[in-house]
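Novice: predicted model and sequence below, questions to follow.
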Amino acid sequence: MLYFPHYGGGFMKNISAKKYQFLLILLLCGGAHANIYTPHQTSVYIVENPNKLVYTSPDLDKIGVSQQDLAKSFQEGQELSNTINAQRQRKSLEKILAKNTLSNGDVDLVAALADARKSSNENVNIIARMIREDTYSKQQSKMQSEKIEAESRLNEAKINLQNAKNEEVLITAHLPPKMNSIAERKKEEKVYIEHISDNLYKIDDGRIIKTQYCHEYVYSEKALIINTKLIFKNGKSCDIEKIVDM
């Protein structure tokens, strides 16, 4: 409510609206009860009514201030006040989040969940803690999944290794006596060989000779096995890598 009580005289008529408009805005936005003393000791009382503003003086136009202008100034001042309050709210949330070790990206989320004008700092702290715990839980879940996957791969590798060892044992078990090491062969053996593919030859008794790379491929003929050599009829030879009893 706006009053212009006088002290020893009528209403003051030479107040400049522009001169005191800024002070009126600040007082209206702040919702405060204040006294402004003009040079002629005229008191101005401004009180914010949450529903509407009521101006008791019927002579506002006489001092150059209309109710419409005053209402517009109040609205602009209120918007400015809301903006300032929002900025303060944002800074307050950022401080709270910083204490809760949350990233700035969570500020908007917390602001959406807990409006500072309706929630206390305690409520904001609770929400911030919930977000932090949820983030930690997701990280733990991801780490657990990665651990399970790594263990699964390790077990698979162990199984493959064991299978390879078992296969090697089976192959070795089928080798004839003293054939694990070709270097131990000290006898000459006449055989009839048949070329299978690349460096593999089949002996007529069913054994397989695996040689190192040979420039000479013989498809079917008699040959000699002397120590670690497979010697053909034309005199050329290949080094024997392994003889397997099939």
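Specialist: That came in fine, so what should we check first? Numbering: from 1, shown residues only.
Novice: let me see the domain layout of this structure.
Specialist: 2-82, 100-143, 182-245 (automatic domain parsing).
Novice: and these, which one averages the lowest pLDDT?
Specialist: Mean pLDDT per stretch puts domain 2-82 lowest among the domains of the chain, at a mean of 49.
Novice: which residues does Ile208 form a beta bridge with?
Specialist: Ile208 has these beta-bridge partners by DSSP bridges: Lys202, Val244.
Novice: contact partners for it?
Specialist: Taking C-beta atoms under 8 Å, 6 or more residues apart in numbering, we find Ile208 in contact with Ile196, Leu200, Tyr201, Lys202, Ile243, Val244, Met246. Using the backbone N, CA and C atoms, a C-beta is placed for each residue, glycine as well.
Novice: tell me the two of these that are most distant?
Specialist: The largest separation in the contacts of Ile208, counting by C-beta to C-beta, is between Ile196 and Ile243 at 13.5 Å.
Novice: next SSE after the helix or strand that Gln162 is a member of?
Specialist: Element membership for Gln162, per DSSP states H and E: helix 121-173. Note on helix 121-173: by DSSP H and E, the next helix or strand toward the C-terminus is strand 188-197.
Novice: list the buried residues of that next one.
Specialist: Applying a neighbour-count criterion of 16 or more other C-beta atoms under 10 Å, one finds Val191, Ile193 buried in strand 188-197.
Novice: who does that strand touch, helix- and strand-wise?
Specialist: strand 200-203, strand 220-226 (3 or more C-beta pairs under 8 Å, 6 or more residues apart in numbering; DSSP states H and E).
Novice: out of these, indicate the one that is most buried.
Specialist: strand 200-203 (a mean of 19; mean count of other C-beta atoms under 10 Å).
Novice: what does that one contact?
Specialist: Contacts for strand 200-203 (C-beta under 8 Å, 6+ apart): Val191, Tyr192, Ile193, Glu194, His195, Ile196, Ile208, Ile209, Lys210, Thr211, Val218, Leu230.
Novice: greatest separation within the residues you listed: which pair is it?
Specialist: Farthest pair in the contacts of strand 200-203, by C-beta to C-beta: Tyr192 and Lys210, 17.4 Å.
Novice: tell me, how many residues neighbour Asn163?
Specialist: 10 (other C-beta atoms under 10 Å).
Novice: ok, the contacts of Ile208 vs Arg132, which is closest?
Specialist: Of all the contacts of Ile208, Val244 has the smallest distance to Arg132: 65.1 Å, by C-beta to C-beta.
Novice: how close does that closest one get to Leu230?
Specialist: 14 Å (C-beta to C-beta, to the nearest Å).
Novice: same question for Lys202.
Specialist: 12 Å.
Novice: overlap in contacts of these two?
Specialist: Common neighbours of Lys202 and Leu230 (C-beta under 8 Å, 6+ apart) are Ile193, Ile209.
Novice: next, give phi and psi for Phe232.
Specialist: Per-residue torsions, Phe232: phi -90, psi 170 (degrees, to the nearest 10).
Novice: what's the answer for Tyr213, then?
Specialist: Torsion angles, degrees, to the nearest 10, at Tyr213: phi -60, psi 130.
Novice: next up, the contacts around it.
Specialist: Residues near Tyr213 by C-beta under 8 Å, 6+ apart: Asn199, Cys238.
Novice: for Glu241, see how far away it is.
Specialist: For Tyr213 relative to Glu241 (C-beta to C-beta), the value is 10 Å.
Novice: shared neighbours of these two, anything?
Specialist: Asn199.
Novice: how much space between Met130 and Lys222?
Specialist: 87 Å.
Novice: swap that for Leu154, sorry
Specialist: Distance from Leu154 to Lys222, by C-beta to C-beta: 52 Å.
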